[in-house]
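A.B. asks: Dropping the sequence and predicted coords here.
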Amino acid sequence: MNAKSGWHRLLVAGLLMTVTSTGCFQTTISGQTLPSAYYLDDDVQYFPKGPEQKLSNQIRALERYKAQRQADAEGLNDNSGN
């Protein structure tokens, strides 16, 4: 039994060392996938180029609104003469 017991202990110790030495890149806690503890050290690989102004959609909407108002005002002036 001694030789068999020693072999099992060695196997368990080897498996335990293997499990504890491998890093875990992500963890799942309560259904949430969380990043590794080293995510702040990772290099940023890609940032897509965005618009120069942060409010570009609002600016476009205001320009369309002004153009529509101007077109409506010109339409009213043209129809008033007939």
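C.D. replies: Structure's in. What do you need?
A.B. asks: Give me the residues contacting the host helix or strand of residue 72.
C.D. replies: Assigned by DSSP states H and E, residue 72 belongs to helix 56-80. With CB atoms under 8 Å, 6 or more residues apart in numbering as the test, helix 56-80 has contacts from residue 53. All C-beta spots, glycine's among them, are computed from the backbone N, C-alpha and C.
A.B. asks: Off-centre distance for that helix?
C.D. replies: 38 Å (CA atoms, centre = their mean, to the nearest Å).
A.B. asks: Same question for that helix: list its buried residues.
C.D. replies: Under the neighbour-count criterion of 16 or more other CB atoms under 10 Å, helix 56-80 has nothing buried.
A.B. asks: Now do it, average pLDDT.
C.D. replies: What helix 56-80 shows for mean pLDDT is 88.
A.B. asks: okay, which residue is most central for the protein?
C.D. replies: Among the residues of the chain, the one closest to the centroid is residue 47, at 11.0 Å (CA atoms, centre = their mean).
A.B. asks: Confirm that that one sits in a strand.
C.D. replies: No - assigned with DSSP: H, G, I helix; E, B strand; the rest coil, residue 47 falls outside any strand and is coil.
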